[in-house]
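> fold the following, please.
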Amino acid sequence: MTRALWLLPLALVACGEKKPLQDSQQPPTGWSSEEGMMGECYYPPDFSAMTTIDRKLARGDVLDHMMSQWNGSRDDGVKFEPRVLTNVENQLLLDPVKIEEVVLENYDLCKTAMTGGGTDEWTAWLTRLPHRLSEGKCQGGLAGTMYNYLELGMSWQFEAPICKDETVQVTASSNDFYRTSNDGPWVNADGNKEKSAAGGNYLCATESCYDGQLVMRFRGESGRELIVPIGVQDSFQAPENGTIAVSINDTDFTDNAFKNEGGVTHHTQLTYTPVD
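Residues are numbered from 1 along each chain as shown. As a prediction, the model looks like this:
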C-alpha cells in the first residue's frame, strides 16, 4: 500500500523506555478491543523473539497497520491530517527501528481514544513525532559525488550539506588555469604559492593560504565557521552537522579570468566526494 506521512515535532507523550507488560496484561498481537472500547487498536508482535530479517520485515507490516488507521482506512472514526502522516512516515522510513517504540505509544493513545478520551492527545503526539524522531540527526549529507564548475566572479558557491563526522574529498581539475588580476600569473586551484594571503583581506588569511587558492568554508548548525585551504585536492571531516562551500581566495572578484588557449577557455571542474 502507498504510505503517506510527513515530519513534525513531539511533546505530549514522553519517549521514555517502555516497560514490557506481563503476559497476563499484554494485549493479543494484532487488532483487538477490550470491554468498554468503541473500536480496535493494533498491538505489535514480539520483535525481540524474531530473527534480524523477520524483524525488519515486521516493522514494515506494523507501519502499514498504523497507517491504515491513521489515514481513515479502517472506518473507525479515526483520521488524521495527510500532511502530518506523510511527515511521520518519512521519518520512520529513515529510521525503521523507531517503529518498535512508536507502535507501543500509538497503542496507548488509541486505547485512550477508544475508551472515550478523544483524539486530541493522539493528534498532538503525531504532529510532534517527526521533530522528536529527527532531533539531533543530520538531515541530508552527501549521498554521492557532486559536480560543479568554479565561478571566478563570486565568492562562496557550490554549497552542500554535510553531517557530523562525515569526510568529504574536495577536488579541482589541476589542468585548468585562471588569474586573479589583469597582470597576475596563471594559476590552478593551488593558487599563487609566491603570494601568501597571511594578514591580508582574504577569505582565508592564514599562513597556509595563498592568493587564488581554492578554499572551503564550513558552517555548523551551532553557528561555528571554519575556513580552510584546499588547493587542487584535500579532505575535510565535519566536526558537526552543517554545510560546506568553496571559493577562490581573493580580495576582488571583478578582475578574475580563465585562461584562453587556441580559442578554448579553461573551466575548473569541482567535485565533492564522500569518503567512507
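
> which of the three states applies to V84?
helix (DSSP: H, G, I helix; E, B strand; the rest coil).

> list the contacts for K164?
138, 238-241 (Cβ atoms under 8 Å, 6 or more residues apart in numbering). C-betas here are computed from N, CA, C, even on glycine.

> what's the closest of those residues to T171?
Nearest to T171 out of the contacts of K164 is A238 (Cβ to Cβ; 17.2 Å).

> tell me the contacts of the closest one?
Counted by Cβ under 8 Å, 6+ apart, A238 has contacts 162-168, 218, 220, 244.

> let's see it at 6 Å
Going by Cβ atoms under 6 Å, 6 or more residues apart in numbering, A238 touches 162, 164, 166.

> got those residues as JSON lines, with pLDDT columns?
Below are these laid out as JSON lines (pLDDT from 0 to 100):
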{"residue": "I162", "pLDDT": "93"}
{"residue": "K164", "pLDDT": "91"}
{"residue": "E166", "pLDDT": "94"}
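
> got those residues as TSV, with secondary structure and distance to M67 columns?
Putting the contacts of A238 into TSV (DSSP: H, G, I helix; E, B strand; the rest coil; distance: Cβ to Cβ, whole Å) gives the following:
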residue	secondary structure	distance to M67
I162	strand	33
K164	coil	31
E166	coil	32
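
> out of those, which is nearest to N256?
Using Cβ to Cβ, the contacts of A238 come closest to N256 at I162, 26.7 Å.

> the closest one contacts A245, doesn't it?
No - counting by Cβ atoms under 6 Å, I162 stays clear of A245, with 10.4 Å between them.

> in terms of neighbours, single out the busier of these two.
Applying other Cβ atoms under 10 Å to I162 and A245 shows that I162 carries more neighbours, namely 25 against 16.

> how near is the more buried one to H267?
To H267, I162 is 25 Å away according to Cβ to Cβ, to the nearest Å.

> how about M66?
For M66, the distance to H267 - Cβ to Cβ - is 51 Å.

> who has more neighbours, these two?
M66 (25 against 13).

> check what pLDDT the more buried one gets.
Residue-level confidence at M66 comes out at 98, pLDDT.

> do S222 as well
Reported pLDDT at S222 in the predicted model: 89.

> same question, L21
For L21, the model assigns a pLDDT of 44.

> what of V13?
pLDDT, read off for V13, is 34.

> how near is the nearest residue to S247 once chain neighbours are set aside to V275?
Distance criterion Cβ to Cβ, 6 or more residues apart in numbering; nearest residue to S247, sequence neighbours excluded, is S155 at 4.5 Å. Relative to V275, S155 is positioned 26 Å away (Cβ to Cβ).

> if we can go back for a sec, let's have the contacts of A238 in a markdown table, adding distance to N87.
Shown next, in a markdown table, are these (distance: Cβ to Cβ, whole Å):
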| residue | distance to N87 |
| --- | --- |
| I162 | 24 |
| K164 | 23 |
| E166 | 24 |
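
> show me which of these is closest to L226.
I162 (11.7 Å).

> give me the distance between the closest one and V78.
Taken as Cβ to Cβ, the span from I162 to V78 is 41 Å.

> same thing with A238?
In terms of Cβ to Cβ, A238 sits 42 Å off from V78.

> and for M154?
53 Å.

> and those two? which has more neighbours close in?
Set M154 next to V78 and count neighbours by other Cβ under 10 Å: V78 wins out with 20 against 11.

> and the nearest residue to the more buried one once chain neighbours are set aside, how many neighbours?
Among residues not flanking V78 along the chain, Q69 sits closest, at 5.4 Å (Cβ to Cβ, 6+ apart). Burial of Q69, expressed as a neighbour count using other Cβ under 10 Å, amounts to 21.

> Q69 contacts K79, doesn't it?
No - using Cβ under 6 Å, Q69 makes no contact with K79, being 8.7 Å away.

> now stretch 36-45: buried residues?
By neighbour count on 16 or more other Cβ atoms under 10 Å, the buried set for stretch 36-45 is 39-44.

> return the subset of those residues lying in strands.
Assigned to strands by DSSP state E, the following of the buried residues of stretch 36-45 qualify: 41-43.
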